[in-house]
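A.B. asks: Here you go, sequence then predicted model.
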Amino acid sequence: IKAAPQTQRYLLLPDSSRVILNEGATLSYRAFTGKSREVQLSGEAFFDITHDAQRPFIVHTGRIKTTVLGTAFNIKAGDSSHITVTVTRGKDKVEDGNHALALLTPNQQVTVDTVSGTSNNATVDAASVTSWNQQGLKFEDSPLEEVALAIAMRFRRPVIFADSTLKNKHV
């Protein structure tokens, strides 16, 4: 799934986790079967993950693996040489192969230089880092279900369709 240039894409994954892809970002995954839920990310995305103690949620960005422990976080992997993970809620474990780099909690961030293998941990204002997903909502020929998801994520309130046939209408 790819977000077009100058647009953001709002996704509801099969496990009810929510993702906002920043412009140009790509997310790919197979059906969430077995003991884990795994996705591949290129670009920047904000994740709000549904907790499932039996099946961890794992984001692969090149050789960097982020294991999610029921949380909300941002990953920026715009180029393959620097990957930044910022946690807004919960806890994430970041690894390079089998080497643990950081265990992040809210307002913590790790930036990994994948060329040198070094990492830098910092305390940040996670709200500022993730402010890109709080800008105005813009849609063009989008299904109403995607628009409703964006509104629900923005205002943290569910949007319920009285008539489910409206979900496929485009606005």
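C.D. replies: Alright, I've got the coordinates. Numbers count the residues shown, from 1 in each chain.
A.B. asks: need the longest helix for the chain.
C.D. replies: helix 144-155 (DSSP state H).
A.B. asks: Pull out the buried residues from the helix or strand of the chain with the lowest mean pLDDT.
C.D. replies: Scoring the helices and strands of the chain by mean pLDDT, DSSP states H and E places helix 144-155 at the bottom, with a mean of 78. Neighbour-count burial for helix 144-155, counted by 16 or more other CB atoms under 10 Å, picks out 144, 145, 146, 147, 148, 149, 150, 152, 153. The way it works is simple: take the backbone N, C-alpha and C, and place the C-beta from them, glycine included.
A.B. asks: In terms of secondary structure, what does the longest helix of the chain contact?
C.D. replies: strand 9-12, strand 18-21 (3 or more CB pairs under 8 Å, 6 or more residues apart in numbering; DSSP states H and E).
A.B. asks: Now the first one: average pLDDT?
C.D. replies: What strand 9-12 shows for mean pLDDT is 90.
A.B. asks: In its sheet, which strands sit next to it, and in what direction?
C.D. replies: Within its sheet, strand 9-12 is paired with strand 18-21 (antiparallel), according to DSSP bridges.
A.B. asks: Does anything pack onto the helix or strand following the strand it pairs with? Which helices or strands?
C.D. replies: Next helix or strand after strand 18-21 toward the C-terminus (DSSP states H and E): strand 26-29. When contacts are defined as 3+ CB pairs under 8 Å, 6+ apart, strand 26-29 sits against strand 37-48.
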